[in-house]
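# Using only what follows, build the 3D model:
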Amino acid sequence: MSKLDTPKKIIDALCIEYEASVSALTSALETYLKDGIPPSDDVRNARAFCYPELVIRYNPDGPPPPISRAFGKMSEPGEYASTITQPDFFRRYLEEQLEPLLQDYDIEVEVRRSDSEIPYAYVWEQGQADGLDEINPAELAKWFPSPRLQDIGDEIADGELFEPYDNRPLALFDGVRTDYSLKRLQHYTGTPAKNFQRYLLFTNYHRYVDAFCDWGVEQVRNDSRYQSLSVPGGLIVDADTTDARAKIDAAPWRRSQMPAYHLMTPEGDGITLVNIGVGPSNAKNITDHLAVLRPEVWIMVGHCGGLRHSQAIGDYVLGHAYLRDDHVLDSVLPPDIPVPPIAEVQVALQQAAEEVTGESGEQLKKRLRTGTVATLDDRNWELRFTASARRFNQSRAIAIDMESATIAANGFRLRVPYGVLLCVSDKPLHGEIKLPGAANKFYEKSISQHLQIGVATLEKLASEGAALHSRKLRAFDEPPFR
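Got it, this is the predicted structure:
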């Protein structure tokens, strides 16, 4: 066997092991469905259904070199290992991680079969073959590996550190955790995981989806870098699609809790918009799963209540800090842990706002304020106005919503750069409460411009590439992979 000394050789070896395991598992399922014969204990004991494991051994003569980049670094000597799923799907990411390690460190690389079995549901969906959906899952679990909660966790990402002499993790997420989230993404968004792009935009109103689809259809027709638009239900719109908007509207997006729309490029560096709906639970849910894709950045463009008298409906708020009263992440990222702004994202958001609005200097300052966003888990906080007002005063918050702090905090927790640009839709402390008539007028005026600022921001960041990866997201003892 040749030495694994290039990213291509390593990833190809992972693909061979992974495909052999998937083939063995699907073949055993077919035999069971056809003949009722389960796999033997010998097959399971031989690890025929297991994930491949990527192992890197690093034993230098002295201390690791002081490399300042945000990823592709060895923090300590030792053996690093993680199971890998779908290596061909993650090829670009794996190449990005392996190249600097091979270049800057004297390492030994091994690809081997792990002890962690691939759950059958991750390679073969119910309904994929006649009869599979008629079998009780408990019956299948007697003979085949199935998802078990004790195998799926975020202990590495959450800093539950390992013993010094144990094997160290190579990545934040192992194979089974990644597969779990890939399936959840398909379930929640109504689109396959392979269509997700590396630059993510979140919104909490469907009107932003309409504006994104209008713009996306225009892009794929105008010979831009975007070649197609994927929407829930399997519809792919390209330059040759007739009646594209009507077909998008007719697609079954309502079946999906958080429908996603992917403006795709051949390199995967396009833009995905997800309508996450309202509330911190949704925001945590989708970002937990999107993190396994290792996106370059995610940005929230949503609505907020303005908390300052000087703000007007339609003004913008660039989140620079967060009052985390959403509570959904408190057990894994306590509220006293600061969530810093990511400088590259903040600058790109402000520059995009200048370009799209055509305003700058003092003129832009009147419309765009930078400050603290209060994120609450109670939409009816107004009914406890006295307690809320004191909290807002203490925090100096300038806006209130239900998702922004969750998006930012989970980005910090899961090492994905983040940003928030909100648009003021009401001023609840100053008598301008969100009402149907005023809301419709506001929506018509502001949505297209707000969305274009978010899109322009992501396009700026995409042009900068790897420069976006921020060291402030990494702890002192991190896995080598981003």
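# Okay, the closest residue to residue 257 other than its chain neighbours and residue 269: tell me how far apart.
Leaving aside its sequence neighbours, residue 257 sits nearest to residue 188 (CB to CB, 6 or more residues apart in numbering; 5.1 Å). All C-beta spots, glycine's among them, are computed from the backbone N, C-alpha and C. The gap separating residue 188 from residue 269 is 23 Å, by CB to CB, to the nearest Å.
# what does residue 220 give?
In this structure, residue 220 and residue 269 are 15 Å apart, going by CB to CB.
# quick one, strands of this structure?
Ranges of strands in the chain, per DSSP state E, are 50-58, 78-83, 107-117, 168-169, 199-203, 228-231, 235-237, 260-264, 271-275, 297-306, 316-325, 368-376, 397-401, 418-426.
# can you list the ones you listed in JSON lines and add mean neighbour count and distance to residue 340?
Output for the strands of the chain, formatted as JSON lines (neighbours: other CB atoms under 10 Å; distance: least, CB to CB, whole Å):
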{"stretch": "strand 50-58", "mean neighbour count": "23", "distance to residue 340": "30"}
{"stretch": "strand 78-83", "mean neighbour count": "21", "distance to residue 340": "27"}
{"stretch": "strand 107-117", "mean neighbour count": "17", "distance to residue 340": "32"}
{"stretch": "strand 168-169", "mean neighbour count": "22", "distance to residue 340": "24"}
{"stretch": "strand 199-203", "mean neighbour count": "26", "distance to residue 340": "19"}
{"stretch": "strand 228-231", "mean neighbour count": "24", "distance to residue 340": "33"}
{"stretch": "strand 235-237", "mean neighbour count": "19", "distance to residue 340": "38"}
{"stretch": "strand 260-264", "mean neighbour count": "27", "distance to residue 340": "28"}
{"stretch": "strand 271-275", "mean neighbour count": "26", "distance to residue 340": "24"}
{"stretch": "strand 297-306", "mean neighbour count": "27", "distance to residue 340": "15"}
{"stretch": "strand 316-325", "mean neighbour count": "23", "distance to residue 340": "8"}
{"stretch": "strand 368-376", "mean neighbour count": "21", "distance to residue 340": "13"}
{"stretch": "strand 397-401", "mean neighbour count": "26", "distance to residue 340": "17"}
{"stretch": "strand 418-426", "mean neighbour count": "25", "distance to residue 340": "10"}
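# quick one: the residue nearest to residue 257 and residue 258 touch, right?
Yes. Between residue 188 and residue 258 a contact is recorded at 4.8 Å, counting by CB atoms under 8 Å.
# Where does the prediction get shaky in the stretch 1-150 of the chain?
Applying pLDDT under 70 to the stretch 1-150 of the chain flags the ranges 1-2, 125-133.
# residue ranges of the helices in it, please?
Under the criterion DSSP state H, counting those that start in this stretch, the stretch 1-150 of the chain carries helices at the ranges 7-35, 41-45, 91-104, 137-143.
# which stretch among those helices comes nearest residue 203?
Of all these, helix 91-104 sits nearest to residue 203, with 25.6 Å by CB to CB.
# Need the CA coordinates for that closest one. PDB is fine.
What follows is helix 91-104, C-alpha atoms only, in PDB (Å, rounded to 0.1, in the frame of the first residue of the first chain):
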ATOM      1  CA  ARG A  91     -13.800  16.100  -0.200                       C
ATOM      2  CA  ARG A  92     -13.200  19.900  -0.600                       C
ATOM      3  CA  TYR A  93     -13.400  20.400   3.200                       C
ATOM      4  CA  LEU A  94     -11.000  17.500   3.900                       C
ATOM      5  CA  GLU A  95      -8.600  18.700   1.300                       C
ATOM      6  CA  GLU A  96      -8.600  22.100   3.000                       C
ATOM      7  CA  GLN A  97      -7.800  20.600   6.400                       C
ATOM      8  CA  LEU A  98      -5.200  18.100   5.300                       C
ATOM      9  CA  GLU A  99      -3.100  20.300   3.000                       C
ATOM     10  CA  PRO A 100      -1.600  22.500   5.800                       C
ATOM     11  CA  LEU A 101      -1.100  19.600   8.100                       C
ATOM     12  CA  LEU A 102       0.900  17.700   5.500                       C
ATOM     13  CA  GLN A 103       2.800  20.800   4.600                       C
ATOM     14  CA  ASP A 104       3.800  22.000   8.000                       C
END
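# That helix to strand 50-58, inter-axis angle?
If you take axes from the mean of the first three to the mean of the last three CA atoms, to 10 degrees, helix 91-104 sits at 20 degrees to strand 50-58.
# Show residues contacting helix 91-104.
5-8, 10-11, 14, 56, 65, 67, 69, 71-74, 84, 87, 107, 109, 171, 267-268, 294, 466, 480-482 (CB atoms under 8 Å, 6 or more residues apart in numbering).
# And these, which of them are buried?
7, 10-11, 14, 56, 71-74, 84, 87, 107, 109, 171, 268, 294, 480-482 (16 or more other CB atoms under 10 Å).
# which residues touch the residue at minimal distance from the centre of the chain?
Centroid-nearest residue in the chain, with CA atoms, centre = their mean: residue 290, separated by 2.6 Å. Contact analysis of residue 290 by CB under 8 Å, 6+ apart lists 181, 185, 196, 200, 274, 298, 416.
# Residue 469 against residue 416, yeah?
No. At 10.0 Å, residue 469 and residue 416 do not qualify as touching, with contact defined as CB under 8 Å.
# Stretch 472-482: how far from the chain's middle?
The gap between where stretch 472-482 is centred and where its chain is centred comes out at 17 Å by CA atoms, centre = their mean, to the nearest Å.
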